[in-house]
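requesting a structural model of the entry that follows:
(chains A and B)
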There are 2 protein chains.
Amino acid sequence: MVKEFSLINKYFNQKSSTAPLGIGDDGALLEKNSQNYYVLSQDTLNVDSHFFRDTNIKYLGWKTLAVNVSDILAMGGNPKFALLSISTEEANDSWLKKFSSGLFDCANQYGVELIGGDTSRGSLSVTITIIGEVKKKYVLRRDGANAEEDIWISGELGLASLGFAHQIKTLSLPGHISKKALLALHKPTPIIIDMSKINHLFTSAIDISDGLVPDIQHILNKSNIGADIFCEHLPVPLWIKENDGYDFALYGGEDYQLALTSPKSNRKKIEKIAAQNNLQLSVIGKTNTSKALKLYDVNGDLIKKLKKGFTHFG
Amino acid sequence: MVKEFSLINKYFNQKSSTAPLGIGDDGALLEKNSQNYYVLSQDTLNVDSHFFRDTNIKYLGWKTLAVNVSDILAMGGNPKFALLSISTEEANDSWLKKFSSGLFDCANQYGVELIGGDTSRGSLSVTITIIGEVKKKYVLRRDGANAEEDIWISGELGLASLGFAHQIKTLSLPGHISKKALLALHKPTPIIIDMSKINHLFTSAIDISDGLVPDIQHILNKSNIGADIFCEHLPVPLWIKENDGYDFALYGGEDYQLALTSPKSNRKKIEKIAAQNNLQLSVIGKTNTSKALKLYDVNGDLIKKLKKGFTHFG
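Residues are numbered from 1 along each chain as shown, chains lettered A, B, ... in the order given. Sure thing, here's the model as predicted:
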């Protein structure tokens, strides 16, 4: 969830000698057999940092797994198994019942089996390790993008951070949009599709939960390219268009959607599969041979200064 | 670390349809290839519950990984990879430096590569997921023991809980033993051996970190047998012998050692391999066809009432 590159890279990034891919992508890769990798990712959600104590507990159970599912999808894989650690101040039956109900709703939705877990006393916190599978030749790494490719985005952007702003009262949204935004924040829904239907059509992918701009930047850095992104093409709710709230979509974070890259020649195939699978996919820009990320506002004018994304040590 | 069967079983134990072994052993098993499993386990250590805030941070880094290594060994496997999540109140450079130093000491000792991790803000807590490998035919499950087998114990028992009692001042140990006991508590050392050298000689194993008696009981329950265990055969420090402190060895917990079972016909082979690999292994009793665990004190008299073990929701 939180891509703390500086800290993790500084102290924990030893070059792995036998794992095909270690720290620095959405998931790590382990050899399964000659054709397939296991993809592993681990994320922690802490009270007062990632969620409020009075949050909807069933949604929290869902979200705990969903944010991990998103990491597996971002590697082109399908989620399969999960291990769960829960720390709570006390063994609370009612809390665990609600939490597990939401978690299993999500597990059933995405085909995940819980294969391990423990509970212990501590400040309220949940950690999930998720294990997915992907064909070796279709794994979507951050360093796989090329210049002159389309940049695709799944779903809608900015809703979750709108919900957050509404919840902490820095913004007051009208009823219909606030409900949708709060749901996006508390019960995020990564794309629902068998990734093996689409992973061969893309060259790279990333989970944009830290914000579209900083996360796209990771693909560009790893792939050694640049990109142009156009606000007018961003899939955003009407409220953002009417209130010039594009910063929520660009930097807000907590959108458990994917950014992907693909040769333009695949565009028709992607649109067809998206339609067949009820998947919202939008082209928001294109990569190029420069090393720079350039954003253009809804009038097509270059945005001069990029902001920073969302970070839990911000 | 904490085998919270009741809570985990009650809410989270869905029968897994595709994983070879799920919740209810030291590790879960995943298919790797026709000959091998991956073994996965996940443990969390929380401040004020599993460690004190003023603990030696380098040792904490070691212990965080060591307690997970112990789970892999208990499945007969060798640890290979790990994912780490750290929650801290603030991004503290000095703390992370010490912690990572201890963690990598342990990783190097046991041949583990860190392949993923994240850091986030929250109450001080560390979670590791460890991935090991084991040959399918030599996996050591809790349900593999038979009647009329030896019960073996690695290392020495009771030291860690002696250290804990000394630290919280319910006991005052003399200098030489207190030092050793505190080290056992803060920097536990699971057995150092390539498990493929010995796993074929045993029928079951368990990590006895919750206490010898409750953990042996798990093997007996799963294997549907009973056992006799003799205090006079327990490998304990002299202090326990001289002060009749056998409860530390029987119930104390935090000993990251293994209990294993093996046919008596293997005894000579085991003793030979143990000697060759500088491994302390002791026979402490034997299994039988009853369903009961019976303990005998140093005089050979039956101990009438068994106590409960260590639990973080005690």
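
drop to CA atoms for contacts and neighbour counts, all remaining ones
Will do.

domains of chain A?
According to automatic domain parsing, chain A comprises the domains A:5-137, A:140-296.

out of the ones you listed, nearest to residue B:140?
Minimum separation from residue B:140 across these (CA to CA) falls at domain A:5-137, 16.7 Å.

distance from the chain centre to the closest one, please.
12 Å (CA atoms, centre = their mean, to the nearest Å).

stretch A:247-263 too?
8 Å.

chain B contacts on the stretch 101-250 of chain A?
Neighbours of chain B within the stretch 101-250 of chain A, by CA under 8 Å from any CA of the partner chain: A:113-123, A:127, A:129.

neighbour-wise, which of these leads?
Tallying neighbours with other CA atoms under 10 Å in any protein chain shown puts residue A:117 at the head of those, with 31 neighbours.

did I read that right, that residue in a strand?
Yes. Per DSSP: H, G, I helix; E, B strand; the rest coil, residue A:117 lies within a strand segment.

show the subsequent helix or strand relative to whichever strand or helix holds residue A:239.
Using DSSP states H and E, residue A:239 falls within helix A:238-242. The helix or strand immediately downstream of helix A:238-242 is helix A:246-251, counting by DSSP H and E.

what does that following helix rub up against?
Applying CA atoms under 8 Å, 6 or more residues apart in numbering or on different chains, the contact partners of helix A:246-251 are A:157-159, A:161-162, A:210-214, A:231, A:234, A:236, A:240, A:307-310.

now do 6 Å
A:157, A:158, A:211, A:212, A:213, A:240, A:309 (CA atoms under 6 Å, 6 or more residues apart in numbering or on different chains).

and of those, the nearest to residue B:82?
For the contacts of helix A:246-251, the nearest to residue B:82 is residue A:211 (27.2 Å; CA to CA).

count of neighbours near the closest one?
28.

identify each buried residue in the helix or strand hosting residue A:274, please.
Assessed by DSSP H and E, residue A:274 sits inside helix A:267-276. By 16 or more other CA atoms under 10 Å in any protein chain shown, the buried positions in helix A:267-276 come out as A:270, A:274.

just checking, what packs against the helix or strand following it?
Later in the chain than helix A:267-276, the nearest helix or strand by DSSP H and E is strand A:281-288. Counting contacts by 3 or more CA pairs under 6 Å, 6 or more residues apart in numbering or on different chains; DSSP states H and E, strand A:281-288 packs against strand A:149-154, strand A:226-230.

JSON lines for those strands, including mean pLDDT and mean neighbour count?
Shown next, in JSON lines, are those (pLDDT from 0 to 100; neighbours: other CA atoms under 10 Å in any protein chain shown):
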{"stretch": "strand A:149-154", "mean pLDDT": "98", "mean neighbour count": "24"}
{"stretch": "strand A:226-230", "mean pLDDT": "97", "mean neighbour count": "22"}
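
to residue B:184, which of those lies closest?
Using CA to CA, the helices and strands packed on strand A:281-288 put strand A:149-154 closest to residue B:184, at 51.1 Å.

what's the closest one packed up against?
Short answer (3+ CA pairs under 6 Å, 6+ apart): strand A:149-154 packs on strand A:258-263, strand A:281-288.

so of these, which one's packed in deepest?
strand A:258-263 (a mean of 26; mean count of other CA atoms under 10 Å in any protein chain shown).

specify the angle between it and helix A:267-276 in degrees.
If you take axes from the mean of the first three to the mean of the last three CA atoms, to 10 degrees, strand A:258-263 sits at 140 degrees to helix A:267-276.

look up the pLDDT of residue A:5 for me, please.
At residue A:5, the model reports a pLDDT of 43.

ok, now residue A:292?
93.

how many residues are close by it?
16.

please apply the same query to the one 4 residues further on.
Burial measure for residue A:296: 17 neighbouring residues, criterion other CA under 10 Å.

OK, contacts around it?
So residue A:296 contacts A:230, A:302, A:303 (CA under 6 Å, 6+ apart).

what's the spacing between residue A:23 and residue B:103?
In this view, residue A:23 and residue B:103 are 16 Å apart by CA to CA, to the nearest Å.

what about the helices in chain A?
A:5-12, A:57-73, A:93-110, A:159-167, A:175-186, A:212-223, A:238-242, A:246-251, A:267-276 (DSSP state H).

residue A:153 is nearest to which of those helices?
helix A:212-223 (9.2 Å).

what mean pLDDT does the closest one have?
95.

what's next to that helix, contact-wise?
Contacts of helix A:212-223 (CA under 6 Å, 6+ apart): A:142, A:143, A:145, A:208, A:226, A:250, A:251, A:309.

nearest residue to the fourth one other than its sequence neighbours?
I take that to be residue A:208. Spatially, and ignoring its direct neighbours in sequence, residue A:208 is nearest to residue A:215 (5.4 Å; CA to CA, 6 or more residues apart in numbering or on different chains).

the one you found: how many residues sit nearby?
So residue A:215, with other CA under 10 Å, has 24 neighbours.

cool, residue A:95 as well?
Residue A:95: 14 neighbours (other CA under 10 Å).

how much space between it and chain B?
As defined by CA to the nearest CA, to the nearest Å, residue A:95 lies at a distance of 11 Å from chain B.

likewise residue A:180?
Using CA to the nearest CA, residue A:180 is found at 27 Å from chain B.

tell me the pLDDT of that residue.
94.

what's the closest non-adjacent residue to it?
Residue A:180 sits nearest to residue A:159 (CA to CA, 6+ apart), 7.5 Å away.

so the one you found touches residue A:181, yeah?
Yes. Assessed by CA atoms under 6 Å, residue A:159 is found in contact with residue A:181 at 4.8 Å.

compare these two (neighbour count), which wins?
Set residue A:159 next to residue A:181 and count neighbours by other CA under 10 Å: residue A:159 wins out with 28 against 25.

returning to that earlier point: deepest-packed of the helices of chain A, please.
helix A:57-73 (a mean of 27).

for that helix, packing partners?
Counting by 3+ CA pairs under 6 Å, 6+ apart, helix A:57-73 packs on helix A:93-110.

residue A:110 and chain B: what is the separation?
Relative to chain B, and taking CA to the nearest CA, residue A:110 is found at 15 Å.

so which residue of the stretch 51-200 of chain A comes closest to chain B?
Nearest residue of the stretch 51-200 of chain A to chain B: residue A:115, at 4.2 Å (CA to the nearest CA).
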